[in-house]
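Peer 1: just coords:
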């Protein structure tokens, strides 16, 4: 599973990095540190027909996209 560490990045970078990773991987772990980034990545994944789950860690979110 590829990991995309998008913590500290502004929009639209987390989505762009996620899209790039999903071109070659079926499962991607995405790390973001803002609620709106989590929601944007979740929406993008859903629009691509993917399922997402997330865990809130110490100051950031870990999303698993499948």
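Peer 2: Here it is on my side, so go on. None of these values were measured; they are calculated from a predicted model. Numbering: from 1, shown residues only.
Peer 1: Could you check how far the residue in the chain sticking out farthest from the centre is from residue 7?
Peer 2: Most distant residue from the mean C-alpha position of the chain: residue 58, 16.6 Å away (Cα atoms, centre = their mean). Distance, residue 58 to residue 7, by Cβ to Cβ, to the nearest Å: 12 Å. Quick note: C-beta positions are derived from backbone N, CA and C, even for glycine.
Peer 1: Next: residue 65.
Peer 2: Noted for residue 65: a distance of 16 Å to residue 7, by Cβ to Cβ.
Peer 1: Of these two, which one has the most company?
Peer 2: residue 65 (26 against 15; other Cβ atoms under 10 Å).
Peer 1: Residue 18 is in contact with that one, correct?
Peer 2: Yes. With contacts counted by Cβ atoms under 8 Å, residue 65 reaches residue 18, the gap being 7.1 Å.
Peer 1: Find the nearest non-adjacent residue to residue 60, please.
Peer 2: Spatial nearest neighbour of residue 60, chain neighbours left out: residue 33 (4.3 Å); criterion: Cβ to Cβ, 6 or more residues apart in numbering.
Peer 1: actually residue 8, not the one I typed
Peer 2: Spatial nearest neighbour of residue 8, chain neighbours left out: residue 33 (6.6 Å); criterion: Cβ to Cβ, 6+ apart.
Peer 1: Measure how buried the one you found is and give me the count.
Peer 2: 16.
Peer 1: That one and residue 58 touch, don't they?
Peer 2: No. Between residue 33 and residue 58 there is no contact under Cβ under 8 Å: 10.5 Å.
Peer 1: Quick check: the closest residue to residue 25 other than its chain neighbours vs residue 35, distance?
Peer 2: Ranked by Cβ to Cβ, 6+ apart and with sequence neighbours excluded, the top spatial neighbour of residue 25 is residue 2, at 4.4 Å. In this view, residue 2 and residue 35 are 23 Å apart by Cβ to Cβ.
Peer 1: Between those two, which is the more surrounded one?
Peer 2: A direct count of neighbours by other Cβ under 10 Å for residue 2 and residue 35 places residue 2 higher, at 16 against 10.
Peer 1: and that one, what is it in contact with?
Peer 2: 21, 24, 25, 27, 28, 29 (Cβ atoms under 8 Å, 6 or more residues apart in numbering).
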